[in-house]
Each structure stands twice: as C-alpha cells, then as structure tokens.
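> sequence and computational prediction follow.
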Amino acid sequence: MNNQNKRIRLALTLGDPAGIGSEVILKALTDPEVTQNCDLVVVGSRTLLTKNYEHISKNTDNSLALVNPADLSMIDIPTAGEIINGVGNAASGAASFAYMEDAIAQTLAGEFDGIVTAPIAKSAWKAAGYNYPGQTELLAQKAGVERFGMLFVGRSPFTGWTLRALLATTHIPLRQVADTLTPQLLTLKLDLLVECLENNFGIKNGRIAIAGLNPHSGEMGQLGTEEIDWLIPWLESERQKRPHLKLEGPIPPDTMWVKPGIAWYGNSVIKNPADAYLALYHDQGLIPVKLMAFDRAVNTTIGLPFVRTSPDHGTAFDIAGKGIADATSMKAAIQLAVELVKQKV
C-alpha cells in the first residue's frame with residue numbers, strides 16, 4: 001500500500017468446502033465492525049458458498065444471521081468433484097488448495113494486502129496429492145521465505161489483555177521435537193518474535209517468556225538434559241546479546257501458563273505478564289492457548305511479505321452445515337489482519 005488512505009484489501013479463502021469455512025464466513029461478514037474497515041474478497045466457489053447458504057437458511061433457525069453470497073465480492077474458482085458437508089476428500093482438498101494458490105498469487109502480485117484463511121484439512125490435501133504439513137508451509141514456500149513462524153494471538157474478553165504465543169516447532173511428530181530443536185532454530189524464532197512485536201504490535205524492549213522442554217525444565221538433568229546441555233547456555237547467550245529485552249526462562253512448561261491464565265481471566269491481580277510466550281512444540285503452546293482462547297484466538301503467520309491470519313480452529317466436519325459453528329475466531333482473524341496491515345503502513 002502506497003497510500004495510507006487507501007482501503008485495505010483482504011483475500012478471504014473459503015477453506016475446505018466440506019467444512020465450516022463457508023458458514024463462519026457467512027456469519028462473520030454480517031458484522032459491520034468486521035467489514036467497515038476493509039474490502040473483503042472471498043476466494044472460492046460461489047456455487048458451493050450459495051449452496052451452503054441455502055442449506056443452512058432452510059434447515060436452521062430463520063433468525064440466524066447470514067450474509068447473502070450474492071452480495072459478496074468473489075473470485076469464483078469452480079470446484080470439480082462431489083463436495084458433501086462433513087466429508088473431507090480429494091475433491092475438497094483440491095478445491096481448498098486451489099483457493100489458497102490463487103489468493104497467494106494475487107497477494108504477491110499486489111492485489112491484496114493480506115490473506116485470511118478459513119480452515120483446511122491436511123488429510124484432504126494429502127488425498128489430493130499435496131504433501132504439505134499445513135497452510136503455513138505452503139504460504140512460506142510460495143512467498144519464498146525460509147524464516148517464518150506460527151504466532152497465536154487472542155484478546156481477552158474479560159480483561160482486554162492480549163495473549164501472544166509463538167511455536168518453535170509446528171506440525172511435526174512429537175518424537176521428532178527434541179532432535180529438531182537447536183540453538184540456531186530458537187535464535188531464528190526469537191528474532192522473528194522480536195521483529196513481530198516491534199513491527200506489528202509496536203512493542204519494543206519486550207518481555208518474552210521461554211518454555212523449557214522437559215517436565216520441570218529437566219530438574220537439573222534428572223528429567224532430561226536438553227536444558228543443561230544447550231537450552232540454558234543458549235538463553236544466557238541471548239540475554240547478553242539482547243540486554244534491552246527481558247528474556248525469562250526456561251520456565252517449566254506446566255507453570256509457564258499460570259500467569260497468562262490469570263491475566264486472561266482476571267480472577268486475581270497479575271503484574272507484568274509477558275508480552276509474548278515462546279513454546280517449544282505444538283501442543284505445549286496450543287493446549288493452553290485453546291483452553292483460554294479457543295473461540296477467539298487467531299493463527300498469524302509471521303515472516304511473510306504480507307499479512308496472513310486464520311481462525312485457530314479446524315474444519316469441524318462433524319458440525320458442517322448445521323448452522324451451529326461459532327464465527328468469533330473468524331471475526332477476530334479479519335480484524336487482526338486489518339490491525340496488522342495498518343501497523344505495517
């Protein structure tokens with residue numbers, strides 16, 4: 001964007017058309033607070049979106065607020081094969097992959113300032129012949145970046161406090177985590193997190209809490225030696241290199257989330273919660289994040305040349321087409337994308 005007065009343009013992918021992506025989009029776009037600050041273009045099949053709109057309108061409470069697809073700006077990408085609500089398959093995987101490819105290409109070409117992605121099913125991508133761990137890795141490859149990360153952001157409805165949690169490792173089996181973690185990897189992720197806090201959230205000299213890997217952070221080598229072998233020396237080195245930062249840790253994983261929980265729910269007074277939390281693997285970070293903020297957390301890919309956000313939930317095939325999906329996280333994803341684009345400007 002060259003002009004600060006220019007309207008923000010976001011591509012909004014439909015996700016797996018057999019999941020709840022259509023429903024949460026149709027619900028989210030009825031909220032003027034979501035749509036008033038940006039121009040949204042849905043990338044996906046207009047036929048399938050209309051089909052879902054008619055199905056949900058006919059089979060659920062008439063008072064359910066849904067935007068009419070006829071009123072939406074869309075990049076219409078026809079879908080081959082049969083799509084059935086609740087059944088992720090090769091056809092739905094190919095469709096969601098095509099939506100993503102088109103959104104990324106047009107964003108890289110300057111048509112959009114960012115992308116908000118509805119959920120996809122990794123198994124459906126694999127069935128369609130696309131072997132990516134997730135949308136994050138596809139985005140990074142297409143954008144040509146090697147430094148990227150998954151940051152989860154949620155604003156508490158109780159206190160207004162903002163939770164930010166970055167994952168050091170993402171979609172890999174648990175048995176590979178200890179071998180994948182290295183001082184070099186953590187330095188890369190810490191660099192990304194510091195840049196993100198400064199450039200995207202306006203936070204300089206931030207406080208960052210870093211988790212240990214083992215129970216009790218290894219308990220002096222009794223429950224694992226990674227902390228003694230390299231994690232603690234790495235953290236001491238980073239403290240010396242970054243004296244302006246407040247780097248806390250390695251904090252035992254089972255207690256690192258106590259302060260964020262208090263700051264989120266406001267059930268007692270907590271002073272100086274961290275500005276961000278660095279978890280070392282997927283579930284170490286996402287179990288507490290989803291426990292606190294499942295209906296409003298946003299997955300943000302950092303390190304890309306454009307903004308990308310996504311609801312922090314999956315395709316929910318079990319409730320697809322039933323009209324009961326919660327659009328709160330989709331709304332939050334769109335609103336955070338707008339905030340991040342504005343911050344970049």
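That came through, no problem.
> so which bits of stretch 56-72 are buried?
Ile56, Leu66, Val67, Pro69, Leu72 (16 or more other C-beta atoms under 10 Å). To be clear about C-beta, it is placed using only N, CA and C from the backbone, and glycine gets the same treatment.
> next one: phi and psi at the fourth one?
Put plainly, it is Pro69. phi -60, psi -30 (degrees, to the nearest 10).
> now, which of the buried residues of stretch 56-72 sits nearest Arg155?
Arg155 lies nearest to Val67 out of the buried residues of stretch 56-72, by C-beta to C-beta, at 23.8 Å.
> quick one, what contacts that closest one?
Leu26, Lys27, Leu29, Thr30 (C-beta atoms under 8 Å, 6 or more residues apart in numbering).
> now, of those, which are buried?
So, by 16+ other C-beta under 10 Å, the buried ones in those are Leu26, Lys27, Leu29.
> save the buried residues of stretch 56-72 as CSV, and put in secondary structure, distance to Ala327 and pLDDT too.
Shown next, in CSV, are the buried residues of stretch 56-72 (DSSP: H, G, I helix; E, B strand; the rest coil; distance: C-beta to C-beta, whole Å; pLDDT from 0 to 100):
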residue, secondary structure, distance to Ala327, pLDDT
Ile56, helix, 12, 90
Leu66, coil, 10, 91
Val67, coil, 11, 93
Pro69, helix, 15, 94
Leu72, coil, 15, 95
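> and of these, the nearest to Lys246?
For those, the nearest to Lys246 is Val67 (44.2 Å; C-beta to C-beta).
> quick one: that closest one from Met74, how far?
12 Å (C-beta to C-beta, to the nearest Å).
> can you check Pro305 too?
From Pro305 across to Met74, the span is 25 Å (C-beta to C-beta).
> between the two, which one's more packed in?
Comparing Pro305 with Met74 by other C-beta atoms under 10 Å, the one with more neighbours is Met74, at 17 against 9.
> returning to what we had before: so of the contacts of Val67, which ones are in helices?
Among the contacts of Val67, the residues falling in helices (DSSP state H) are Leu26, Lys27.
> now do the helices in the chain.
Using DSSP H, helices in the chain cover 21-28, 32-35, 46-59, 90-108, 122-127, 135-143, 177-180, 183-201, 226, 232-241, 258-265, 282-293, 328-344.
> OK, contacts around the residue nearest to the spatial centre of the chain?
Compute the mean C-alpha point of the chain, and by C-alpha atoms, centre = their mean the closest residue is Asn299, 1.0 Å away. Applying C-beta under 8 Å, 6+ apart, we find Asn299 in contact with Thr136, Met150, Leu151, Phe152, Thr309, Ser310, Pro311, Asp312, Ala333.
> run through the bridge partners of it.
Phe152, Ser310 (DSSP bridges).
> now it: how far from Leu40?
Distance from Asn299 to Leu40, by C-beta to C-beta: 18 Å.
> can you check Leu181 too?
38 Å.
> just Thr315 next, same as before
From Thr315 over to Leu40 (counting by C-beta to C-beta), the distance is 21 Å.
> of those two, which one has the most company?
Thr315 (25 against 22).
> burial measure for the closest residue to that one other than its chain neighbours, as a count.
Spatially, and ignoring its direct neighbours in sequence, Thr315 is nearest to Gly19 (2.9 Å; C-beta to C-beta, 6 or more residues apart in numbering). Residues lying near Gly19 (other C-beta under 10 Å) number 31.
> is Gly19 in contact with Gly314, as I believe?
Yes. Counting by C-beta atoms under 8 Å, Gly19 does reach Gly314; the two are 7.4 Å apart.
> mind listing the shared neighbours of these two?
Pro119, Ala121.
> pretty sure Ala297 contacts Met330?
No. Counting by C-beta under 8 Å, Met330 is not a contact partner of Ala297; they are 11.4 Å apart.
> tell me the contacts of Leu188?
So, once contact is read as C-beta under 8 Å, 6+ apart, Leu188 ends up touching Arg147.
> give the contact list for Asp113.
Met1, Ile8, Arg9, Leu10, Thr107, Phe306, Val307, Val341.
> hmm, I was thinking of Ala168
Per C-beta under 8 Å, 6+ apart, neighbours of Ala168: Leu181, Leu185, Leu186, Lys189, Leu278, Ala279, Leu280, Tyr281.
> in those, find the pair that's most separated.
Farthest pair in the contacts of Ala168 (C-beta to C-beta) is Leu185 and Ala279. Separation: 13.1 Å.
> more crowded one of these two?
Higher neighbour count among Leu185 and Ala279: Ala279, with 26 against 13, using other C-beta under 10 Å.
> just the pLDDT at the closest residue to that one other than its chain neighbours, thanks.
Spatial nearest neighbour of Ala279, chain neighbours left out: Gly285 (3.0 Å); criterion: C-beta to C-beta, 6+ apart. Reported pLDDT at Gly285 in the predicted model: 95.
> confidence score at the residue in the chain sticking out farthest from the centre?
Residue farthest from the centre of the chain, counting by C-alpha atoms, centre = their mean, is Gln222 at 35.2 Å. The model reports Gln222 with a pLDDT of 89.
> pLDDT weak spots in this protein?
1-5, 61-63, 345 (pLDDT under 70).
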